[in-house]
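Predicted model and sequence follow; I will ask about them next.
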Amino acid sequence: MFLRGAFAEATCLSALRLSARWSQGLYAIPLPQHLLHSTYRGVCNAPTSSVQAIKYTQFQDAIHDFYSAVTSRSTHSARPSYNAVISCLSTFRDTGTEALPTDLHRLQAALALLAQHGRHEDSTILSEAAKHMAELVGVMPDKFGEDFYLRLLAECHLDAAFEWLSRSAEVKDVAYASDLSFWHRLLRPVALSRNYKRIAQILRRMKERDISGTQTTSFVIFSALFLPTSNAGDPPHLQDVKFLIKTFVSCELPYHPATLRTITSGYTRAGMDDEAGDAEMFYILKLGRPGLVHEDRMNRMLADLAKRESRDIVARVYQRLVSVGLNPSYVTFKAVLGISDRLGDLKFWETVLGIKASPYIIADVMERRAKANKPTLDLYNYALSASIPITSRSLRYTVRLLLTSCGLEKPSEKITIRALELYNDFLVRWGHTKDNTQSDQQDPHTRQESAVAEDQFKSTGVQEKHRYPDVTTYQLLLRAVTSAKNALKYLPVAVSLVEDMRRFQVELDSQTASSVVILLMESSPSPEEAFQMYRAVVQPDNKNRQMILNEEGYVAIIDAFSKLPTWSDRAPSVHLYLEILSDMRKHSIALGPKTYTLVIAQLARLATKVSAEDDMAARETVAKAIARIHNHLNLNPSFTPDTALWNQLMDAYQRAGCFAEACRIWQMLFTSARFNRASVSVILDACAYAQAYDMAVRVYGALNEVEFPMNVKNWNTYLECLCRLGRLDEAMKVLCLEMTGRTDGVEPDKESARILLKFAMGENREGEVRSRLKRFLPKLYHSLLASS
């Protein structure tokens with residue numbers, strides 16, 4: 001009801017649209033100031049006799065005296081002069097003469113001033129004025145009162161409008177003042193002016209007049225206070241908002257969600273989030289009632305409060321929210337507990353809320369402790385003692401902190417055993433033992449306790465996936481048992497853990513799976529058992545499950561497998577290696593160069609080692625392994641080796657003493673023009689160690705013939721090859737003549753000189769070499785002296 005008759009809402013921000021009576025000039029035009037303050041005693045044209053003129057003059061005099069009494073601000077009451085006006089009005093009205101507009105304006109102005117600044121004892125005049133003025137202008141009292149009130153609002157005489165409206169409500173025949181919408185029209189401009197005391201006064205007066213405020217009443221007030229375009233700029237102070245909310249309580253205004261949103265969004269827009277939260281809390285605590293405030297909102301408020309206040313303050317607010325309708329739940333528990341990781345706080349809130357912590361709350365507290373590297377075993381034990389089920393998260397955090405309690409050092413056997421005990425206890429409590437015979441072997445009392453514990457665990461609503469150990473727990477346990485001093489002792493435990501992973505269908509990603517496989521392989525007593533560990537972890541147990549390893553995972557496993565220290569004859573089993581490659585092909589995993597490179601590189605390292613030890617049997621074993629890899633490459637149509645892989649295979653052959661095979665690979669690369677500078681260095685090295693001077697010269701000649709751009713490393717390799725073949729003079733010729741003055745920018749470096757000097761010392765020709773260096777390469781010679 002914001003509109004009445006022909007009038008729009010009248011505020012200081014909007015003009016009043018007057019009724020026809022006002023627009024016709026009866027009393028729409030304000031009285032000029034010089035007429036209001038003059039002593040003019042004008043007689044209207046309406047009187048038709050001297051008696052009428054005399055009575056009207058008396059009426060004018062009474063109006064003037066009343067106006068003077070109001071404007072003089074004296075300590076005397078205006079009641080006598082107003083009574084005189086009423087007396088004259090009664091006599092004057094009998095003559096049938098209408099009052100002049102100027103006199104009406106003077107009388108209305110006096111009433112307006114009286115409403116705004118009058119004495120308290122004169123306020124009753126306003127209660128009578130509506131009736132008397134209505135008689136004077138010939139309208140109903142309700143109509144006059146409403147029009148006069150709207151005019152006061154339009155001219156921003158808010159105090160006068162308040163008094164007029166308040167007194168009008170006391171008059172029996174004036175109905176508009178009992179209409180709530182007219183009070184709202186006053187509240188809005190008063191709120192815009194930020195006059196909080198006047199707002200409270202209006203609300204209390206409404207209650208005194210039995211005019212009940214509604215949700216709209218509070219919304220009108222706060223929508224004006226938080227108007228984005230308000231001239232006041234910043235939102236109202238929080239203390240002023242709280243003052244108004246308290247007033248709402250005393251005046252019995254109801255809770256209103258839209259009003260609360262207006263308050264919180266107003267503060268939030270201004271970046272005052274703390275004030276928004278405090279105001280929300282205060283509003284709900286003061287005005288909220290059961291069923292009016294959503295529990296999610298109250299829980300969120302408690303969570304925000306718990307971040308910045310003590311638990312005692314949070315507890316008091318919680319108790320008050322219970323009276324508003326909050327029912328404690330696990331959501332409430334998490335909210336009030338906040339970020340605390342103390343067991344004492346957990347027990348405190350269990351008492352206050354009257355409910356046990358849930359398994360997930362226990363896990364959350366453990367997670368916070370784990371992040372802070374604090375122990376969780378006390379929480380774990382408390383959960384068990386309170387019959388709170390342990391979830392996979394709780395087990396993971398407890399096992400992790402146990403096994404990492406020694407920092408970078410490996411966990412002790414005692415700690416490892418304790419972690420395994422927690423794991424096994426978890427399986428028993430959730431009924432995940434491998435068979436049911438274990439419970440039959442227990443004594444009746446223990447078996448009954450286990451059954452009760454299992455029933456309690458399963459009746460808690462814990463999700464199925466949280467009743468099984470997760471992949472991280474298995475990784476931690478496997479790392480602990482495989483890194484133990486006596487790894488063989490714990491290998492059966494590791495195998496059992498892997499079997500449990502398969503039994504519980506624990507999903508592993510490729511990186512995790514390869515890490516687990518490597519841990520198990522490195523602790524296996526033989527390559528064959530290491531291979532079995534690989535198959536146990538990564539092979540799918542049914543056709544519907546996907547292979548969990550990708551190419552990177554396989555490469556990591558092959559690398560570790562090829563470096564196992566337990567190989568007989570120190571050479572990896574090519575058969576088992578090829579079995580892994582077969583698994584890759586079977587599961588459509590691409591066979592890249594790196595897959596072969598890792599094993600070939602390991603074989604090359606082994607070949608170097610056994611050659612140095614002059615172990616011919618081991619060298620022959622390595623050579624056979626290299627040959628099998630070579631055959632596999634030739635017979636694999638789905639894979640074409642790149643130059644780098646051929647270079648590595650050629651290098652492995654030459655290290656194993658298989659010079660002919662190395663030459664065949666070089667010839668294939670040279671003929672197909674797929675060789676590179678690394679290929680040149682490898683074959684020249686092979687010639688040197690095989691004492692194959694003729695082959696070295698042929699390679700060098702072929703490279704010159706195709707004008708291959710050898711780099712300094714290639715030249716140095718050729719120099720070393722000649723020296724190892726006992727061709728020091730030829731090497732000096734190449735250094736001093738063929739490597740100098742080249743158009744491709746290649747020049748001998750210090751390494752070139754050092755190679756010749758090293759071999760010259762063995763032949764007692766160091767002086768000769770230095771002399772030639774000084775003659776043909778003086779710059780290099782002097783730089784060599786400076787660095788020596």
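Cool, got the structure.

in the helix or strand hosting Leu757, what's buried?
Applying DSSP states H and E as the criterion places Leu757 in helix 750-762. Within helix 750-762, the residues scored as buried using 16 or more other Cβ atoms under 10 Å are 752-753, 755-757, 759-760. To be clear about C-beta, it is placed using only N, CA and C from the backbone, and glycine gets the same treatment.

same deal with stretch 666-685?
666, 669-670, 675, 678-685.

can you put those in TSV and add pLDDT and distance to Leu578?
Formatted as TSV, the buried residues of stretch 666-685 follow (pLDDT from 0 to 100; distance: Cβ to Cβ, whole Å):
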residue	pLDDT	distance to Leu578
Trp666	97	25
Leu669	96	24
Phe670	96	29
Phe675	96	28
Ala678	96	26
Ser679	97	26
Val680	97	31
Ser681	96	29
Val682	96	25
Ile683	97	27
Leu684	97	32
Asp685	95	28
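
ok, those vs Trp183, which is closest?
If you rank the buried residues of stretch 666-685 by distance to Trp183 using Cβ to Cβ, Ala678 comes first, at 94.9 Å.

Which residue, other than its chain neighbours, is closest to the closest one?
Nearest non-adjacent residue to Ala678, counting by Cβ to Cβ, 6 or more residues apart in numbering: Asn647, 5.0 Å away.

got it, and Pro709?
Closest to Pro709 by Cβ to Cβ, 6+ apart is Asp744, at 5.5 Å.

likewise Phe504?
Tyr468 (4.6 Å).

burial of the closest residue to Asp378 other than its chain neighbours, as a residue count?
Spatial nearest neighbour of Asp378, chain neighbours left out: Leu343 (5.9 Å); criterion: Cβ to Cβ, 6+ apart. For Leu343, the neighbour count with other Cβ atoms under 10 Å is 17.

cool, the one 4 residues further on as well?
Using other Cβ under 10 Å, Lys347 has 13 other residues around it.

What pLDDT does the model give it?
Model confidence at Lys347, given as pLDDT, is 96.

Glu295 - nearest residue in space that isn't next to it in sequence?
Closest to Glu295 by Cβ to Cβ, 6+ apart is Leu326, at 5.8 Å.

Quick check: the gap between that neighbour and Val352.
Remark: distance between Leu326 and Val352 (Cβ to Cβ, to the nearest Å) = 12 Å.

check contacts around Ile589.
Shown in contact with Ile589 (Cβ atoms under 8 Å, 6 or more residues apart in numbering): 547, 549-551, 554, 583.

ok, now with 6 Å
Taking Cβ atoms under 6 Å, 6 or more residues apart in numbering as the criterion, Ile589 is in contact with Glu551.

Quick check: pLDDT value at it.
83.

Let's verify it: helix, strand, or coil?
Each residue gets one of three states, and Ile589 gets coil by DSSP: H, G, I helix; E, B strand; the rest coil.

And it, how far from Val498?
Distance from Ile589 to Val498, by Cβ to Cβ: 21 Å.

repeat for Ile362
29 Å.

So which of these two has more stuff around it?
For the pair Ile362 and Val498, the greater number of neighbours falls to Ile362 (26 against 19), based on other Cβ under 10 Å.

Give the full set of residues in contact with that one.
When the contact criterion is Cβ under 6 Å, 6+ apart, the partners of Ile362 are 383, 388, 394.

mind redoing it with 10 Å?
Residues in contact with Ile362 (Cβ atoms under 10 Å, 6 or more residues apart in numbering) are 343, 346, 356, 376, 379-380, 382-383, 386, 388-391, 393-394, 397.

Thr717 now?
677, 680-685, 687-688, 710-711, 755.

what residue ranges in the stretch 101-250 of the chain score low on pLDDT?
101, 103-104, 107, 113-140, 229-233 (pLDDT under 70).

Quickly find the element holding Gln108.
Assigned by DSSP H and E, Gln108 falls in helix 101-117.

To clarify, my last question referred to Leu395.
Leu395 belongs to helix 392-403, assigned by DSSP H and E.

now the angle between helix 392-403 and whatever helix or strand comes next after that helix, please.
Sequence-wise, the next helix or strand downstream of helix 392-403 (DSSP H and E) is helix 413-429. Relative orientation of helix 413-429 and helix 392-403, computed by axes from the mean of the first three to the mean of the last three Cα atoms, to 10 degrees: 170 degrees.

elements contacting helix 413-429?
Helix 413-429 sits against helix 377-385, helix 392-403, helix 444-458, helix 471-482, helix 487-503, with contacts defined as 3 or more Cβ pairs under 10 Å, 6 or more residues apart in numbering; DSSP states H and E.

May I see those arranged in JSON lines, with mean pLDDT and distance to Phe226 as well?
Shown next, in JSON lines, are those (pLDDT from 0 to 100; distance: least, Cβ to Cβ, whole Å):
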{"stretch": "helix 377-385", "mean pLDDT": "93", "distance to Phe226": "46"}
{"stretch": "helix 392-403", "mean pLDDT": "93", "distance to Phe226": "44"}
{"stretch": "helix 444-458", "mean pLDDT": "51", "distance to Phe226": "52"}
{"stretch": "helix 471-482", "mean pLDDT": "89", "distance to Phe226": "50"}
{"stretch": "helix 487-503", "mean pLDDT": "84", "distance to Phe226": "59"}
